[in-house]
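*Asks:* Predicted coordinates and the sequence they were generated for:
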Amino acid sequence: MNILRFGIVQYPKKLSMSEKVFNKYFQEINIDAVYEGININPSDFDFKIKDVLNNYYGLNITVPYKERIFKYLNAATDSAIFLSAINTIHKGIGYNTDWIGFYNSIINEDLNGDILVLGAGGAAKAILYGLYKIGIDRVKLINRTYERAIELKKLFNKKIKIEIEKYEKINTIINDVDIFINTTSLGMFNERLPVKLNEKLSLVYDVVYFHTPLQKKAESLGIKTINGKMMWYYQAVENLKIWNLFNEEKFLKIKL
């Protein structure tokens, strides 16, 4: 049997959690498969991506290519089209599993109360879509660039009511909400968010899967905290289901 090849199309080169975890998982289920980083310079993307698509059984796509990949695929799911972002590919079809990862990581939490979302990038899109699918009908949104927040509000106009607040008011607004969701990458390199948490918060969700200063502060205040590892975990489960390789018992044995 030929080896099954999987990979993540990315730039710049980095060792992703996917590369470490999926290779361990393939060993656990005893299949001849490999998951590797596929590093393509943006100037070479159009020349190399077709060969990659033809030679890999399953792929993940990360920035800066989640939008650029669309024109090379046969089809895309409705959620991927709405979010203008593909992060998983199988048999020429593009999927967005980011929102599913978030949805499944938070679906069993108590989401009653006001929700504040920080950020207006790709992760914010996926999280707002997940909240919409859960049934949340309104959120407050803050982003450093006000215009990007406006664009996001327009995108979700018929799905969720978004109340945009100014960035400089974040520490006033956070006192009046119950749930805070950070969708930015701040904290990945131990940066501190300019946010003063308070004990009234019932949940802090941080998409960064390192143990960030935000998460540490929330935990010290006794606030329930969820980090990006859970979102990644459920996204990975969805990837394996799309690739027809998911075994729950085996995957649970893999340490993140």
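*Replies:* Arrived safely.

*Asks:* how many other residues sit next to the closest residue in space to residue 110 that isn't next to it in sequence?
*Replies:* Closest residue to residue 110 apart from its sequence neighbours, by Cβ to Cβ, 6 or more residues apart in numbering: residue 202 at 6.7 Å. Any C-beta I mention is one placed from the backbone N, CA and C, and that applies to glycine too. Residues within reach of residue 202, counting by other Cβ atoms under 10 Å, total 16.

*Asks:* Please tell me how far residue 202 sits from residue 59.
*Replies:* 38 Å (Cβ to Cβ, to the nearest Å).

*Asks:* What of residue 127?
*Replies:* 23 Å.

*Asks:* Could you break the protein into its assigned domains?
*Replies:* Domain ranges of the chain: 4-96, 101-227, per automatic domain parsing.

*Asks:* can you give me the end-to-end distance of the last one?
*Replies:* End-to-end distance of domain 101-227: 12 Å, with Cα to Cα, to the nearest Å as the criterion.

*Asks:* Strands of the stretch 51-200 of the chain, start to end?
*Replies:* Counting by DSSP state E, counting those that start in this stretch, one finds strands in the stretch 51-200 of the chain at the ranges 58-61, 75-76, 88-90, 93-95, 115-118, 138-142, 161-165, 179-182.

*Asks:* Throw those strands into a markdown table and include distance to residue 230 and mean pLDDT, thanks.
*Replies:* Output for the strands of the stretch 51-200 of the chain, formatted as a markdown table (distance: least, Cβ to Cβ, whole Å; pLDDT from 0 to 100):
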| stretch | distance to residue 230 | mean pLDDT |
| --- | --- | --- |
| strand 58-61 | 18 | 98 |
| strand 75-76 | 25 | 98 |
| strand 88-90 | 18 | 98 |
| strand 93-95 | 19 | 98 |
| strand 115-118 | 17 | 98 |
| strand 138-142 | 20 | 98 |
| strand 161-165 | 24 | 98 |
| strand 179-182 | 13 | 98 |
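
*Asks:* Could you list the low-pLDDT ranges of this structure?
*Replies:* 1 (pLDDT under 70).

*Asks:* longest single helix anywhere in it?
*Replies:* Taking DSSP state H as the criterion, the chain has its longest helix at helix 228-242.

*Asks:* Give me the contacts around the helix or strand that that one is followed by.
*Replies:* Next helix or strand after helix 228-242 toward the C-terminus (DSSP states H and E): helix 248-252. Here helix 248-252 makes contact (Cβ atoms under 8 Å, 6 or more residues apart in numbering) with 25, 28-29, 236-237, 240.

*Asks:* For those, which ChimeraX command selects only the ones that are buried?
*Replies:* Buried members of the contacts of helix 248-252 can be picked out in ChimeraX with the line below, counting by 16 or more other Cβ atoms under 10 Å:
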select :25,236,237,240
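
*Asks:* Tell me the one among the contacts of helix 248-252 nearest to residue 135.
*Replies:* residue 237 (21.8 Å; Cβ to Cβ).

*Asks:* check contacts around the closest one.
*Replies:* By Cβ under 8 Å, 6+ apart, the contact set of residue 237 is 104, 246, 248, 251.

*Asks:* now residue 225
*Replies:* 203-206, 215, 218-219.

*Asks:* and those residues, which of them are in helices?
*Replies:* Per DSSP H, the subset of the contacts of residue 225 in helices is 215, 218-219.

*Asks:* This completes my enquiry, with thanks.
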